[in-house]
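Participant: Let me see the structure of the following:
(chains A and B)
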Amino acid sequence: MVPRADFTSYYGKPVIKPPSWQARDIAGYFFLGGLAGAGSVLAAGAQLTGRRAFATAMKLSSLGAVSLSAAALVHDLGKPERFVNMLRVVKPTSPMSVGSWLLAVYGPAAGAAAASAVTGRLPRAGAAATLAAAVLGPAVATYTGVLAADTAVPAWHDAYRELPYLFAASATAAASGMALAVSPLHDNGPARAAALLGGSLDLAIGGVMERRLGLVGQAYRDGKAGRLMRAAQALTAAGMGVAGLMGGRSRLAAAVGGAALLCGSACTRFGVFYAGVASAEDPRYTVVPQRERLEAAERRQKPA
Amino acid sequence: MTDIHRQLSGPQHDPAGDAGHDGHPPRVGFFTDTSVCIGCKACEVACKEWNAIPEDGMSLTGMSYDNSEGLGASTWRHVAFIEQDAPAAKSPEPEGRTELRWLMSSDVCKHCTHAACLDVCPTGSLFRTEFGTVVVQEDICNGCGYCVPACPYGVIEQRKDDGRVFKCTMCYDRLGAGQEPACAKACPTESIQFGPLDELRERAALRVDELHRAGVEDARLYGHDPEDGVGGDGAFFLLLDEPEVYGLPPDPVVTTRDLPAMWKHAGLAALSLVAGSVLSFAAAAFTSRRSAG
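Facilitator: Have a look, this model is predicted:
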């Protein structure tokens, strides 16, 4: 369908308010939360299959990522000293409340898993913490898709069916990239497989999302968001190629491929973030789809 | 529809009762009849004075007489001015002549029946009052900013120097003292009418019929319908053109209507992340056994 070219607005002003969030804090949080959450799953898998160095490296990566992401969240608050108010209520209608509670449980679990792995103390408690982090990690990685979608921002809300899956795939690509970069060469078979799986799903879901969005998909192609989404595709494809073909034989290839996958995932999250901001700033993305929806409803009521 | 879905969208005749206020007063609201607005901005001034709202910029925008640009953290009433070339209506005019049509409309927070800002607020700072209105508790807001992009009307906003969000309270303090909000009190033409929402809806239906009979075919109500995407607005309008002409969304929907589906997708995505990892370890075991054997 050809999008309607004409629409009316009030002096070209946006209808909704764009998010006031800083890209570095919030898109950075989407990326780091994914890296931490999916990393915890890989760490548990490595532990269960006897890959100790791999497991320890991923536990440290997840602890680092979740610590940085918590810092980013607190930094982005208008009143950082009031962060504790996030834990004042439990509210399933607020993805940010759900996420705060998730992080409040996941963070200590990831920390305990890493501490036990590094010190060698309390191995049973460490194993339990590893398992707890692996159970909560996938939720930490995917709920951020709901966090973005549960807004009036057209490029986010209209993509609510795809964003959690895109974030899951992107998180898998990032965590496998980290695993390739930091784990021993002879042990990185699962990381290469996860890189190929996560990377290819990331590319496929991103494509489906952009096409299904119709007019609003343009926000993912234009400007800064478009450049970031194209960079993400190129980096993810390159990372998959390098790590998949040579990541099992060459230390350098594993590191380079892993770094490309990490950068690709980060670009995806920043691309999604900027697409949302752009779609909120241009009244076209709010007015035209709503107008079309009204007209379609009128046509259904009065069949020709 | 399940109970969850009913709580998140659709008609809801008692939002205050639903929020736990027993024996509460009737739901109140604004009916803003823009057909009698004269653009005097008394509402903007009265709002700022009563609520002690800081200055919101002193620039000249070139947008007709509108220099406050839109609702925001420090603009809780905003008068829009729209200049249109309209075909000369009644009086016989020479061929092709047009005359200026000047639309004015005082915008305000809609105090939605299903308020996205309130739903997504993680601290409980935004709450439903006993009057059915939506108010921010400034001593609880931690400035997370989530309500800002959640509002389908672009009403609520963070104050840059403060970090917290601010919006119209429908003069909660005045309501508690049995007074009407400052903007309605100050409006010289009764363009802004305050009262129990049920009465306002009846009055608005009569007014739009009266205008249609008088030949003002463009008159239409906006935000009055409990069946709409936000369950009807506590502050609704009589407009003389399409909503988007005034900067209003033509068909706003509370984002949390789709939240159950969003959580379902997030859950499935989390499970598929685990499945993908299991698959990756299995694939590695399979290929290493094959290369070893």
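
Participant: Low-confidence stretches in the chain?
Facilitator: Going with chain A. Scanning chain A for pLDDT under 70 picks out A:1-5, A:303-304.

Participant: looking at chain B here, not the other one
Facilitator: Low-confidence segments of chain B, defined by pLDDT under 70, are located at B:1-2, B:87-98, B:292-293.

Participant: Strands of that one, start to end?
Facilitator: All strands of chain B, identified by DSSP state E, fall at B:28-33, B:77-87, B:98-108, B:126-128, B:134-136, B:157-158, B:165-166, B:192-196, B:220-222, B:235-239.

Participant: Determine which stretch of those is the most buried.
Facilitator: Comparing the strands of chain B on average neighbours per residue, with mean count of other Cβ atoms under 10 Å in any protein chain shown, the densest one is strand B:28-33 at a mean of 27. For every residue, glycine as well, the C-beta is placed using N, CA and C.

Participant: What are the contacting residues of it?
Facilitator: Residues external to strand B:28-33 that are found in contact with it (Cβ atoms under 8 Å, 6 or more residues apart in numbering or on different chains): B:105-108, B:111, B:131-133, B:170, B:175, B:181, B:183-184, B:190-197, B:200-201, B:203-204, B:207, B:233-238.

Participant: roughly how far apart are the residue in chain A that chain B sits nearest to and A:Trp21?
Facilitator: Chain A approaches chain B most closely through A:Gly78 (2.0 Å), counting by Cβ to the nearest Cβ. The gap separating A:Gly78 from A:Trp21 is 10 Å, by Cβ to Cβ, to the nearest Å.

Participant: what sits in contact with each of the two?
Facilitator: Taking Cβ under 8 Å, 6+ apart as the contact rule, A:Gly78 and A:Trp21 both touch B:Gly145.

Participant: what sits against residue 237?
Facilitator: Using chain A here. Applying Cβ under 8 Å, 6+ apart, the residues near A:Ala237 are A:199, A:203.

Participant: that's the wrong chain, I wanted chain B
Facilitator: Applying Cβ under 8 Å, 6+ apart to B:Phe237 gives the contacts B:31-34, B:105, B:221-223, B:248.

Participant: Chain neighbours aside, what residue packs nearest to the residue most central in space within chain B?
Facilitator: Among the residues of chain B, B:Lys110 comes closest to the average C-alpha position under Cα atoms, centre = their mean, at 3.7 Å. Ranked by Cβ to Cβ, 6 or more residues apart in numbering or on different chains and with sequence neighbours excluded, the top spatial neighbour of B:Lys110 is B:Asp233, at 3.9 Å.

Participant: Pretty sure the one you found sits against B:Leu221.
Facilitator: No - in terms of Cβ atoms under 8 Å, B:Asp233 does not count as a neighbour of B:Leu221; the distance is 10.2 Å.

Participant: Now for the two: what residues contact both?
Facilitator: Taking Cβ under 8 Å, 6+ apart as the contact rule, B:Asp233 and B:Leu221 touch no residue in common.

Participant: quick one, phi psi at the residue nearest to the centre of chain B?
Facilitator: Reported as degrees, to the nearest 10, the phi and psi values for B:Lys110 are phi -80, psi -10.

Participant: Quick check: beta-bridge partners of the nearest residue to B:Cys47 once chain neighbours are set aside?
Facilitator: Computed as Cβ to Cβ, 6+ apart, the closest residue to B:Cys47 that is not its neighbour in sequence is B:Arg77, at 4.4 Å. Residues found in beta-bridge contact with B:Arg77 (criterion: DSSP bridges) are B:Val108.

Participant: hang on, isn't B:Arg77 packed against B:Cys168?
Facilitator: Yes - checked against Cβ under 8 Å, the pair B:Arg77 and B:Cys168 is within contact range at 7.3 Å.

Participant: any residues in contact with both of these two?
Facilitator: When contacts are counted by Cβ under 8 Å, 6+ apart, the set common to B:Arg77 and B:Cys168 consists of B:47, B:71, B:108.

Participant: any idea which of those is closest to chain A?
Facilitator: Sorting the shared contacts of B:Arg77 and B:Cys168 by distance to chain A puts B:Leu71 at the head of the list, at 8.9 Å, by Cβ to the nearest Cβ.

Participant: these two touch, right, that closest one and B:Asp107?
Facilitator: Yes - judged on Cβ under 8 Å, B:Leu71 makes contact with B:Asp107 at a distance of 5.8 Å.

Participant: list the residues that contact both of these two?
Facilitator: Both B:Leu71 and B:Asp107 are in contact with B:77-78, where contact means Cβ under 8 Å, 6+ apart.

Participant: Report all helices and strands that the lengthiest helix in chain B contacts.
Facilitator: Secondary structure of chain B read by DSSP state H shows that its longest helix is helix B:259-292. Helix B:259-292 makes packing contacts with helix A:23-48, helix A:123-149, helix A:163-182, helix A:189-212, helix B:3-8 when contacts are defined by 3 or more Cβ pairs under 8 Å, 6 or more residues apart in numbering or on different chains; DSSP states H and E.

Participant: mind putting the ones you listed in CSV, distance to A:Ala238 and mean neighbour count included?
Facilitator: As requested, these are exported to CSV (distance: least, Cβ to Cβ, whole Å; neighbours: other Cβ atoms under 10 Å in any protein chain shown):
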stretch, distance to A:Ala238, mean neighbour count
helix A:23-48, 18, 27
helix A:123-149, 23, 23
helix A:163-182, 11, 30
helix A:189-212, 10, 22
helix B:3-8, 43, 14
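
Participant: so which of those helices comes closest to A:Arg293?
Facilitator: Nearest of those to A:Arg293, taken as Cβ to Cβ: helix A:189-212 at 15.4 Å.

Participant: wait, what's in contact with the residue of chain A closest to chain B?
Facilitator: For A:Gly78, the contacting residues are B:141-145, B:158, B:162-165, by Cβ under 8 Å, 6+ apart.

Participant: Kindly report the residues of the stretch 201-304 of chain A close to chain B.
Facilitator: The stretch 201-304 of chain A has residues A:201, A:276, A:280, A:283, A:286-287, A:290-291, A:293-294 near chain B, with proximity defined as Cβ under 8 Å from any Cβ of the partner chain.
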